[in-house]
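Peer 1: Sequence first, predicted model second:
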Amino acid sequence: MHRFAAVLAAGLISLPSPAAAAIPDYMTAEAGNPFTDGWYADPDIAVYGDTFWVYPTTSKSYAEQTYLDAFSSTDLVTWTKHSNVLTTAGVSWASSAMWAPAPIQRNGRYYLYFAANDIQNNSSLGGIGVTVADNPAGPFRDAIGKPLIGQFFNGAQPIDQDVFVDDDGQAYIYYGGWGHANVARLNADMTSLGTFPDGSTFKEITPSGYVEGIQMFKRNGTYYLMWSEGAWTGPDYSVSYAMSSSPAGPFTKLDKVLAQDSAVAKGSGHNSVVNVPGTDTWYIFYHRRPLSETDGNHRQLAYDRMTFNADGTIPRITMRVKDNFADDNALGWKTYGGGWTATGGRYQAAGSLGGKALLDTNFGDFSYDADVSVTSGSGDAGIVFRVTNPATGTDAYNGYYAGISPAGRVVLGRAAGNWTELGAAGLTITAGTTYHLRVTAIGASIKVYLDDMTNPKISLTDGTYAGGADGVRVFNAAATFDNVSVGAPTGAGVNLAQGRPATGTAACAAAEGPDKAVNGSVTGGNSDKFCSAVAGAWLQVDLGITRSISRFEVAHAQAGGEPASYNTKAFTISVSADGTTWSQAVSVANNTAATTVHPVSGVSGRYVRLTVATPTQTSDGATRIYELRAFG
């Protein structure tokens, strides 16, 4: 439960009719992250009626942070900007550093909590304020004429507040900077603080690693506390979480759930969470910094799907790259020559001799999908990848290009200020027809698929470029692009489990955790394995989304250089779409091999779990799994 559930608990709104709008059910922002234009940070989200409202910090210098904007959407795709919903003109004591708005509806009114002035001691004026409005778009005005929390308690700087209303109607405010977190009760008027049964006003609930950016929500009777760690200007900014049976804790850190991805974005943190009304669909909203940006304030708003394991824990969240242009914009794309327009739900390129548009990504191994249609011209159009040093000009970049041409071929080549064709295949391409183009690159292996995602049209080896940006390009043609998606490699021969979040029973040692079984390596010797001495040991991998699986492989002790007597003797492999309902795909009773291969058919799932019945060939009780692989 978060903003929507809190409002529902107060009895103020009802669920929207299913016919009113399609329920958002995405893995990420379908129309691309960032989902809004401009530099913003610290987004908090509320659901009022059938509309999602996001309130962020304006990401500028402290002196320029004198106002707050909001964004609204009914579908999480198209967003409307509402400027200046709150300004310092409406708060007599606030002058700058207006941060981290927290919205909530109650008493028939809309409340917006915020921090201002970045106070450094108790003699300064500032802290956390509360404003009120009759409309979620404001204007919000100061409700009490002074800070609600204007002093340091338990060492917590009064910033980064979150407001939560429990099922019993009790409201709480969570807040804190400088590495300390507090919780306090709000009275029913939402503008004054109450006390806990023991008479205290503030309780410190600081979990391990806490820095700032606190967030509270509730699901299935469990309270989830989330917070940000690291430096907000650095790449290490991230989100961790804890679970508790009480809104006041205690909260013990369980895991980091959102962190930078060197292929997608850095500095991801200061999040909020929303539950789509009437579903168990959840999203995490947060800010992040584009890979090429070094200015600390150059932060953008993004969201991705957040899921739960069967035990209520949260798997690590993947920042996905996708854009279907349904919002008719191309936020996050940078163009180099040519004419580019996002309209009609597609990205349209006017005819040019090499115009290209790039995302600020840095993928090495990946699968890159896009729908491509050459609309006019005798040339070709397609996708560029592993791009560095881009500039305006026909072949003004270092990287690869795969394109299709109505002249009757698909081509793959390499650019470095000039053009080197690496491979081509003849096939019928009709102008104005949309084709699904995919490139899968793993190391030096590059495969190009067109419509048929099983049999590549071009397959070759070229290790000139190892990583870089992804984008689209035209050459002597005009074209449209749609449904762009870049992510982990997929398809036959790709280990879907490699690098994915892994969990398992207690490890023999801290350096022998579940992650060692999905790191793609068995060459690290005795330390490069998952080891667990728990009876019935298990290892589970989250593939991120439901995937079709053609075979499993398990590298046992001998594959890592240990004695054959330590090879796992009996085990099963099961799959699940939701982490709750499992289907057994493999059962082994008397294995002696160092590596086992298990072809399967008709098997798909998001989660893969290996469960051990007999750990070794002898009486040794420790399970040793050097690698668990699942192939598409």
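Peer 2: Okay, I see it. Numbers count the residues shown, from 1 in each chain.
Peer 1: Just the pLDDT at Gly493, thanks.
Peer 2: What the model reports as pLDDT for Gly493 is 72.
Peer 1: Would you agree it is in contact with Phe631?
Peer 2: Yes. With contact defined as CB atoms under 8 Å, Gly493 reaches Phe631; the gap is 6.6 Å. For the C-beta atoms, the positions are set from N, CA and C on the backbone; glycine is no exception.
Peer 1: Give me the more crowded residue out of those two.
Peer 2: Summary of the neighbour comparison: Gly493 and Phe631, criterion other CB atoms under 10 Å, with Phe631 having more neighbours (20 against 12).
Peer 1: Between the two ends of stretch 566-585, how far is it?
Peer 2: 24 Å (CA to CA, to the nearest Å).
Peer 1: cool, stretch 89-107 as well?
Peer 2: Rule used - CA to CA; the end-to-end distance of stretch 89-107 is 25 Å.
Peer 1: Okay, buried residues for it please.
Peer 2: In terms of neighbour count (16 or more other CB atoms under 10 Å), stretch 89-107 has its buried residues at 90-91, 93-106.
Peer 1: ditto for stretch 557-565
Peer 2: In terms of neighbour count (16+ other CB under 10 Å), stretch 557-565 has its buried residues at Ala557, Gln558, Ala559, Gly560, Glu562.
Peer 1: same question, stretch 384-401
Peer 2: The neighbour-count criterion (16+ other CB under 10 Å) identifies 384-387, 390, 394-401 as the buried residues of stretch 384-401.
Peer 1: can you pull the contacts of Leu610?
Peer 2: Counting by CB atoms under 8 Å, 6 or more residues apart in numbering, Leu610 touches Trp538, Leu539, Gln540, Val554, Phe571, Thr572, Ile573, Ile625, Leu628.
Peer 1: Of the residues you listed, which is the nearest to Thr191?
Peer 2: Closest approach to Thr191 among the contacts of Leu610 (CB to CB): Gln540, at 46.4 Å.
Peer 1: what about the closest residue to the closest one other than its chain neighbours, helix or strand, and which?
Peer 2: Of all residues not flanking Gln540 in the chain, Arg609 sits nearest, at 4.4 Å (CB to CB, 6 or more residues apart in numbering). Under DSSP states H and E, the secondary-structure element containing Arg609 is strand 595-614.
Peer 1: What strands line up against that strand, and which way round?
Peer 2: Paired neighbours of strand 595-614 in the sheet (DSSP bridges): strand 538-555 (antiparallel), strand 570-576 (antiparallel).
Peer 1: could you point out which element follows that strand?
Peer 2: In the C-terminal direction from strand 595-614 (assignment by DSSP H and E), the next one is strand 623-625.
Peer 1: Ala89 belongs to a helix, doesn't it?
Peer 2: Yes. Under DSSP: H, G, I helix; E, B strand; the rest coil, Ala89 sits within a helix.
Peer 1: Can you tell me the SS state at Ala511?
Peer 2: Secondary structure of Ala511, reduced to three states by three-state DSSP: helix.
Peer 1: ah, wrong one, I meant Ser565
Peer 2: Relying on three-state DSSP, one would call Ser565 helix.
Peer 1: so how far is Thr616 from it?
Peer 2: Counting by CB to CB, to the nearest Å, the gap between Ser565 and Thr616 amounts to 6 Å.
Peer 1: Quick one: the strands paired with strand 595-614 as a markdown table, columns for mean neighbour count too.
Peer 2: As requested, those are exported to a markdown table (neighbours: other CB atoms under 10 Å):
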| stretch | mean neighbour count |
| --- | --- |
| strand 538-555 | 20 |
| strand 570-576 | 20 |
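Peer 1: rank the ones you listed by pLDDT, which is bottom?
Peer 2: Ranked by mean pLDDT, the strands paired with strand 595-614 end with strand 538-555 at the bottom, a mean of 91.
Peer 1: what about this structure, any weak spots by pLDDT?
Peer 2: Residues of the chain that meet the criterion pLDDT under 70 lie in 1-22, 524-525.
Peer 1: if you skip the residues just before and after it, what's nearest to the spatially most central residue of it?
Peer 2: Most central residue of the chain, judged by C-alpha distance to the mean C-alpha position with CA atoms, centre = their mean, is Met319 at 3.1 Å. Sequence neighbours aside, Val264 is the residue nearest to Met319 in space, at 4.5 Å (criterion: CB to CB, 6+ apart).
Peer 1: repeat for Ser238
Peer 2: The shortest distance from Ser238 to any non-neighbouring residue, by CB to CB, 6+ apart, is to Ala259 (4.0 Å).
Peer 1: Of all the residues in stretch 575-589, which ones are buried?
Peer 2: Neighbour counts over stretch 575-589 (16+ other CB under 10 Å) mark Val575, Ser576, Gly579, Trp582, Ala585, Val586, Val588 as buried.
Peer 1: which outside residues touch it?
Peer 2: For stretch 575-589, contacts defined as CB under 8 Å, 6+ apart pick out 307-310, 546, 549, 552, 569-574, 596, 598, 600, 603-609.
Peer 1: and the end-to-end length of it?
Peer 2: First residue to last in stretch 575-589 (CA to CA) measures 19 Å.
Peer 1: list the contacts for Lys569?
Peer 2: Lys569 is in contact with Ala589, Asn590, Asn591, Thr592, Ala613, Thr614, Pro615, Thr616, Gln617, counting by CB under 8 Å, 6+ apart.
Peer 1: likewise Asn297?
Peer 2: Residues in contact with Asn297, defined by CB under 8 Å, 6+ apart, are Trp39, Ala41, Ser59, Lys60, Ser61.
Peer 1: Of these, grab the buried ones for ChimeraX.
Peer 2: One line in ChimeraX is enough to select the buried members of the contacts of Asn297, burial here meaning 16+ other CB under 10 Å:
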select :39,41,59
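Peer 1: The contacts of Asn297: which two are farthest apart?
Peer 2: Ala41 and Ser61 (12.7 Å).
Peer 1: Would you quantify the distance from Tyr435 to Ser548?
Peer 2: With the distance defined as CB to CB, Tyr435 ends up 22 Å from Ser548.
Peer 1: now Thr614
Peer 2: Counting by CB to CB, the gap from Thr614 to Ser548 is 30 Å.
Peer 1: ditto for Tyr286
Peer 2: 30 Å.
Peer 1: one step back: which of the helices or strands spans the residue nearest to the centre of the chain?
Peer 2: Taking DSSP H and E as the definition, one finds Met319 inside no helix or strand.
Peer 1: Return the residues in contact with it.
Peer 2: Residues counted as contacts of Met319 (CB under 8 Å, 6+ apart) are Thr28, Asn33, Leu258, Asp261, Val264, Ala265, Ser268, Arg288, Ala302, Asp304.
Peer 1: returning to what we had before: specify which member of the buried residues of stretch 575-589 is nearest to Ala507.
Peer 2: Proximity of the buried residues of stretch 575-589 to Ala507, judged by CB to CB, is greatest for Gly579, which lies at 20.5 Å.
Peer 1: Which of the buried residues of stretch 384-401 fall within strands?
Peer 2: When DSSP state E is applied, the buried residues of stretch 384-401 are split such that Val384, Phe385, Arg386, Val387, Asn398, Gly399, Tyr400, Tyr401 fall in strands.
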